[in-house]
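[1] how does the following fold in three dimensions:
(2 chains)
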There are 2 protein chains.
Amino acid sequence: MIPTIEWHGDVVRMIDQRKLPGRIEWFVCRGYRDVIRGIRGMVIRGAPAIGVAAGMGLALAGRGIRARSYKAFKKRFGEIADRMLEARPTAVNLRWAVERMLRLVEEMAGRPVAEIREALRRESEKILAEDIAVNRKMGRFGSKLVPDRSTVLTHCNAGSLATGGYGTALGVIRAACEAGKRVQVIADETRPWLQGLRLTAFELMQDHIPVTVIADNAAGSLMRAGRIDLVITGADRIAANGDVANKIGTYQVALLAKAHKIPFYVAAPVSTIDPRLSTGDEIPVEERSGREISRVGNREMGPPGVRAHNPVFDVTPAKYVAAIITEKGIVRPPYRRAIRVLLKD
Amino acid sequence: MIPTIEWHGDVVRMIDQRKLPGRIEWFVCRGYRDVIRGIRGMVIRGAPAIGVAAGMGLALAGRGIRARSYKAFKKRFGEIADRMLEARPTAVNLRWAVERMLRLVEEMAGRPVAEIREALRRESEKILAEDIAVNRKMGRFGSKLVPDRSTVLTHCNAGSLATGGYGTALGVIRAACEAGKRVQVIADETRPWLQGLRLTAFELMQDHIPVTVIADNAAGSLMRAGRIDLVITGADRIAANGDVANKIGTYQVALLAKAHKIPFYVAAPVSTIDPRLSTGDEIPVEERSGREISRVGNREMGPPGVRAHNPVFDVTPAKYVAAIITEKGIVRPPYRRAIRVLLKD
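    Modelled structure (predicted):
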């Protein structure tokens, strides 16, 4: 698997996901501004991957800050951290990574700036390595939920490309396959950005895991025909009560799964949980340009001046979620208590 | 509104819907083979429009048959009718129109071939004119179901372009607007063929009816947010029990509407009802090439060799359908009896 994001000498480079699978191109970030641009512009996407990118972006920022005193460095670093936080609103992993980097600077109060710069870079490498390890743990827990000879529906891309590597939802599927289970995947193409067609199918084909892409419109009728055994998706933010924000369309997939008595699972690291939010109603849902809908494959498909509404996430109420798979184990309803216990450990 | 299909001198011409809304081009049919090609290739689509096209195609066929005797003419006409029937499997209006043309030939037993040719052409013109009239009637009945200041979700294109003119689902919306109601439309973009983005938005914008396109993935969350008051779609075939075959995705929209207590209506002419089929399970569902999913706007978006499954219709069980709007009135559950009564009239 190609790495989603990595340090390459003194720069950070990301696989440009806007161009996949047709072209494999690096997007090189020499400073934090490039990273913000990359996150905003969807060069890199997926909640955990955005977290990793934010960490690396702040390490780049640290290097670029000209301050000599700790105080001046910290002030400037805090300003840049605020800008990083605004790159995208829904995925909480971005905030989680930014706060982790801020804490590090806090902890190194009074130390030489050069030392802090080094530590920031190491911390960003640690975030990446931990993310991959976390996904593998999640995979081991989650694979128990995937029966042999089963067909899994997934929505969007919660794979290697959405994380530091291995993936959340696709990590669970990978782990089930590595455990010898015969699993096939149905991938929702996931309009408007086609993460399922472009990224999920690409990743799974590289790993020789059987995958079939469908229009998002076909999920319900496949469920009705008994052709889906379970659903696994990732998450961009999980509230304290277990409500899940994820890619637009997840809510309806979850509701359809419930109506067809098919278990709907969410795989996400603990860093995706935002205990400050009591319910999913408080999660900010990003709206992006309507042109992401009317322009398809760089071609304007709608009538001139067409109005399109493009919320890119939605919130799935906890009642539709059969279990949340984390690196600390599988969480089941009632979620409020279970999540509290999970975060205390 | 541009006509969907019309006689133009001695040829039949159709607006090429593969090219809309970017280019307005006629697809000219000089013989029935062109019409079959046009139906198969989606130059023209929409159950009632396909019916009109089949009628005109058989009129062209009649003109092309070289037979001099009635018997030879009828035999050849029957063979061509069989080929017309195979153009597309799901919409029953195709069969309905073909059978109407066959009946005409039957009724004119022994008459000069030239006279039959003339009658076939007139019959095909009548099918077109009747279709428009039927849509207007449907609109008048259906508009009562559309409240003032309401927001209607529609799926696919059941408009002027899917019919001889005016439309079924969009005809109801047009009639509500003509009656002075303030209606706004949310159009599912309707992957994979993007009928909602390309055709429904185009038609409604021409008529100055406010329309906003969404990704199919956003319908559920808009319903949950209380932003949809009712749903109206067309139909490709309706079984005797009220089960409705329509564009892929309709089933899940109907189920979602039910879950959110939003009425889901189907607008379709009586010719869409197939009383020979007891339930929707008997309706043949066409599968088209997976490339209609992986190629978007003429650009290959998926990884090379990606497998895609592309059923283009689905079946919505009658229990999700609040009412069926026809030119003979509004039909409500229990449908089996109501449909029997409707067809007897």
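
[2] on the three-state scheme, residue A:245 is what?
    State at residue A:245, reduced to three classes by DSSP: H, G, I helix; E, B strand; the rest coil: strand.

[3] er, residue A:144 actually
    At residue A:144 the chain is in helix, as set by three-state DSSP.

[4] skip ahead from the helix or strand containing residue A:63 and say which helix or strand is next.
    Residue A:63 belongs to helix A:47-64 when assigned by DSSP states H and E. As assigned by DSSP H and E, the chain's next helix or strand after helix A:47-64 is helix A:70-85.

[5] past that next one, which element shows up next along the chain?
    Per DSSP H and E, helix A:70-85 leads on to helix A:93-107 as the next helix or strand towards the C-terminus.

[6] what's that next one in contact with?
    Identification of contacts with helix A:93-107 by CB atoms under 8 Å, 6 or more residues apart in numbering or on different chains yields A:39, A:47-48, A:50-52, A:54-55, A:58-59, A:62, A:73-74, A:77-78, A:81, A:84-85, A:87-88, A:116, A:119-120, A:123-124, A:127, A:236, A:269, A:271-272, A:274. In this view, the C-beta of every residue, glycine as well, is placed from N, C-alpha and C.

[7] phi, psi of residue A:11?
    phi -120, psi 160 (degrees, to the nearest 10).

[8] just to revisit the earlier point, may I have the helix holding residue A:63 exported as PDB, CA atoms only?
    Taking Å, rounded to 0.1, in the frame of the first residue of the first chain, the C-alpha atoms of helix A:47-64 are listed here in PDB:
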ATOM      1  CA  ALA A  47     -10.600  11.800  10.000                       C
ATOM      2  CA  PRO A  48      -7.500  10.000  11.300                       C
ATOM      3  CA  ALA A  49      -5.400  11.000   8.300                       C
ATOM      4  CA  ILE A  50      -6.400  14.600   8.900                       C
ATOM      5  CA  GLY A  51      -5.200  14.200  12.500                       C
ATOM      6  CA  VAL A  52      -1.800  12.900  11.300                       C
ATOM      7  CA  ALA A  53      -1.600  15.700   8.800                       C
ATOM      8  CA  ALA A  54      -2.400  18.400  11.400                       C
ATOM      9  CA  GLY A  55       0.400  17.000  13.600                       C
ATOM     10  CA  MET A  56       2.900  17.100  10.800                       C
ATOM     11  CA  GLY A  57       1.700  20.500   9.800                       C
ATOM     12  CA  LEU A  58       2.400  21.900  13.200                       C
ATOM     13  CA  ALA A  59       5.800  20.300  13.300                       C
ATOM     14  CA  LEU A  60       6.500  22.100  10.000                       C
ATOM     15  CA  ALA A  61       5.100  25.300  11.600                       C
ATOM     16  CA  GLY A  62       7.400  24.800  14.600                       C
ATOM     17  CA  ARG A  63      10.400  24.700  12.300                       C
ATOM     18  CA  GLY A  64       9.300  27.800  10.500                       C
END
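
[9] output the contacting helices and strands for it.
    Applying 3 or more CB pairs under 8 Å, 6 or more residues apart in numbering or on different chains; DSSP states H and E, one finds that helix A:47-64 makes contact with strand A:5-8, strand A:11-15, strand A:26-29, helix A:32-40, helix A:70-85, helix A:93-107, helix A:113-142.

[10] how about 10 Å then?
    Applying 3 or more CB pairs under 10 Å, 6 or more residues apart in numbering or on different chains; DSSP states H and E, we find helix A:47-64 packed against strand A:5-8, strand A:11-15, strand A:26-29, helix A:32-40, helix A:70-85, helix A:93-107, helix A:113-142, strand A:244-247.

[11] buried deepest among those, which one?
    For the helices and strands packed on helix A:47-64, average neighbour numbers computed from mean count of other CB atoms under 10 Å in any protein chain shown are highest in strand A:244-247, which has a mean of 29.

[12] and the gap between residue A:210 and residue A:151?
    Residue A:210 is 9 Å from residue A:151, where distance means CB to CB, to the nearest Å.

[13] joint contacts of the two?
    Here residue A:210 and residue A:151 share the contacting residues A:183-186, scored by CB atoms under 10 Å, 6 or more residues apart in numbering or on different chains.

[14] give me the subset of those residues touching chain B.
    Filtering those for proximity to chain B by CB under 10 Å from any CB of the partner chain leaves residue A:186.

[15] closest one to residue A:331 out of the shared contacts of residue A:210 and residue A:151, please.
    The closest of the shared contacts of residue A:210 and residue A:151 to residue A:331 turns out to be residue A:183 (CB to CB; 22.3 Å).

[16] enumerate every residue touching that closest one.
    Applying CB under 10 Å, 6+ apart, the residues contacting residue A:183 are A:143, A:146-152, A:172-174, A:176-177, A:204, A:209-211, A:229-230.

[17] you'd agree residue A:163 is up against residue A:174?
    No: at 11.5 Å, residue A:163 does not count as touching residue A:174 under the criterion of CB atoms under 10 Å.
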